[in-house]
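J.: let me see the structure of the following:
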Amino acid sequence: MKIAISGGHSTGLGLIEEIQKKHPLWQIYYFGCKFALEGEKAFSFDYKIVSQIKGVRFISLTTGRLARKIGFLTFFSLLKIPCGFARSLYYLFKLRPDLIVSFGGYVSVPLVIAGWILGIPSITHEQTQVLGLATKINQFFVKKVALAYSRLMDQLPKGKGVYTGMPLRAILNNKTNPGDLKELKEALEKSLKPLLFITTGKAGSRLINQVIVKIVPELSKKFLILHQMGEFGYSNLNKNLKWENYYPVSLLGGLEQSWVLNKADLVISRSGANITFELLFLRKPAILIPLQFSPQDEQKKNADWFVSLGGGERLLQKDLNEKTLGELIEKVYQNKKKYLLNLEKVKIENGSKKLLALVEEILE
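T.: Numbering: from 1, shown residues only. The predicted structure follows:
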């Protein structure tokens, strides 16, 4: 079988792992953006990760966005949509996959529609608590819409939605291999200090990074700190920040991130769909700082859900400063046992197997 996968946020990695484990002879093509920003030479996070997976071919697909707000660049973005659609038609006609599995994002729309025209069936997976714009369009051209949240079933035509849960990478269970974080592993083994893991997204939040840097001297008295600043955050801040017990990095690979998530006593993070599910799956107390302008307020909804389950606290970006974050870190860490007890009651299953079962059903 040939499977075409389009992932806006590498969400498809869990499904790829499951396919390669159960169907090692299947061919997988991953459609995504090769570069982080148009006109830049820096590779995207998706490309860096997916291009390293043996047996997966990465196909660069650039297309325009359907912006919710009209701006100066809207016209130029719209002009790229026909180009993305034409490239999708070309590659799908050439490769002739048996099925397309998309995970939202603007790259998926021309691919799904081109597949529909060519008679190639599709599944799309919605990771968020609200139907994204791409899913709202894709639902008319796909066989099934897989959902991370069962309550979204009512928002789809009868028989179209299938609850699968969120596909998670098997590597999340990595508790022993630190990868390139050997120095931190040694420090953890020698120190009695708890580990504070701060992650500010692929690009990196300038505001969160700046606030963290200001309170590191005080935090490092109590914690070992791994600060993942993001590509742009790391390059924009002084790379020679030197404090004892403080380890700043740009990005983490899957091996390193899974290890540090397992080892962390407390996590500070944005509240995207993937990281929210991962924190619940691993039962990690966290402080979530939602992206201020995420589509349909998705990140705030994720943070509110996490807090409602008793896993931690939410801090809105407009309220973020050294004082509020410092006090919240103290509060969550001092009440860590309470949050852990709450998280023990939360049952999050890896949705990769259910999603693969849906793939197999469509291919029958």
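J.: and Pro121, how many neighbours?
T.: 17 (other CB atoms under 10 Å). From N, CA and C alone the C-beta is placed, and that goes for glycine too.
J.: contacting residues for the closest residue in space to it that isn't next to it in sequence?
T.: Excluding its sequence neighbours, the residue lying closest to Pro121 (CB to CB, 6 or more residues apart in numbering) is Lys143, at 5.0 Å. Lys143 is in contact with Pro121, Ser122, Ile123, Ile362, counting by CB atoms under 8 Å, 6 or more residues apart in numbering.
J.: what's the closest of those to Gly7?
T.: Nearest to Gly7 among these, counting by CB to CB, is Ile123 at 12.7 Å.
J.: tell me the bridge partners for that closest one.
T.: Val101, Lys144 (DSSP bridges).
J.: my guess is it meets Asp98, correct?
T.: No - with contact defined as CB atoms under 8 Å, Ile123 does not count as touching Asp98 (11.8 Å).
J.: shaky segments in the stretch 201-350 of the chain?
T.: The model of the stretch 201-350 of the chain has pLDDT under 70 over residues 232-240.
J.: now do the helices in it.
T.: For the stretch 201-350 of the chain, the helices defined by DSSP state H, counting those that start in this stretch cover 206-219, 231-236, 254-263, 273-282, 298-308, 322-334, 336-344.
J.: list the buried residues of the last one.
T.: Along helix 336-344, the positions that meet the burial threshold by neighbour count (16 or more other CB atoms under 10 Å) are Tyr339, Asn342, Leu343.
J.: tilt between it and helix 273-282?
T.: Relative orientation of helix 336-344 and helix 273-282, computed by axes from the mean of the first three to the mean of the last three CA atoms, to 10 degrees: 100 degrees.
J.: likewise the first one?
T.: With the same axes, to 10 degrees as the basis, helix 206-219 and helix 273-282 are set at 40 degrees to each other.
J.: residues in contact with helix 206-219?
T.: 196, 198, 200, 225, 227, 229-230, 232-233, 236-237, 241, 243, 246, 268, 289, 317, 320-322, 325-326, 329.
J.: what of stretch 260-269?
T.: By CB under 8 Å, 6+ apart, the residues outside stretch 260-269 that reach it are 172-175, 178, 181, 184, 188, 194-200, 208, 212, 223, 226, 252, 275, 278-279, 282, 284-289, 325, 329, 332-333, 336.
J.: which among those end up buried?
T.: Buried residues within these, counting neighbours by 16+ other CB under 10 Å: 172, 174, 178, 181, 184, 188, 195-200, 208, 212, 223, 226, 252, 275, 278-279, 282, 284-289, 325, 329, 332-333.
J.: low-scoring stretches of the stretch 51-200 of the chain, by residue?
T.: 63-80.
J.: closest to Leu15 out of the helices of the stretch 201-350 of the chain?
T.: helix 273-282 (13.1 Å).
J.: packing partners for that closest one?
T.: helix 254-263, strand 266-269, helix 298-308 (3 or more CB pairs under 8 Å, 6 or more residues apart in numbering; DSSP states H and E).
J.: got a list of contacts for that helix?
T.: 9-11, 127-128, 148, 166, 168, 172, 199, 261-262, 267, 269, 286, 288, 298, 302-303, 305-306, 309, 311-312, 343, 346, 348, 350.
J.: go with 6 Å
T.: Helix 273-282 is contacted by residues Gln127, Thr128, Met166, Leu168, Leu261, Ser269, Ala286, Asn302, Phe306, Val346, Ile348 when judged by CB atoms under 6 Å, 6 or more residues apart in numbering.
J.: tell me the angle of it relative to helix 298-308?
T.: 10 degrees.
J.: tell me the angle helix 273-282 makes with helix 254-263.
T.: Angle, helix 273-282 to helix 254-263, by the same axes, to 10 degrees: 50 degrees.
J.: distance of the residue sitting furthest away from the middle of the chain from Tyr247?
T.: Distance from the centre of the chain peaks at Lys190, with 32.1 Å (CA atoms, centre = their mean). Lys190 sits at a distance of 14 Å from Tyr247 (criterion: CB to CB, to the nearest Å).
J.: likewise for Ser308?
T.: Counting by CB to CB - Ser308 and Tyr247 are separated by 32 Å.
J.: more crowded one of the two?
T.: Tyr247 (18 against 10).
J.: what about Ser220, how many neighbours?
T.: Look at Ser220: counted by other CB under 10 Å, it has 16 neighbours.
J.: I figured it hits Tyr247, correct?
T.: No - contact criterion CB atoms under 6 Å: Ser220 and Tyr247 do not qualify, at 10.1 Å.
J.: what ranges does the chain have for its strands?
T.: 2-7, 27-32, 56-60, 99-103, 122-126, 144-147, 161-163, 195-199, 224-228, 246-249, 266-269, 286-288, 312-314 (DSSP state E).
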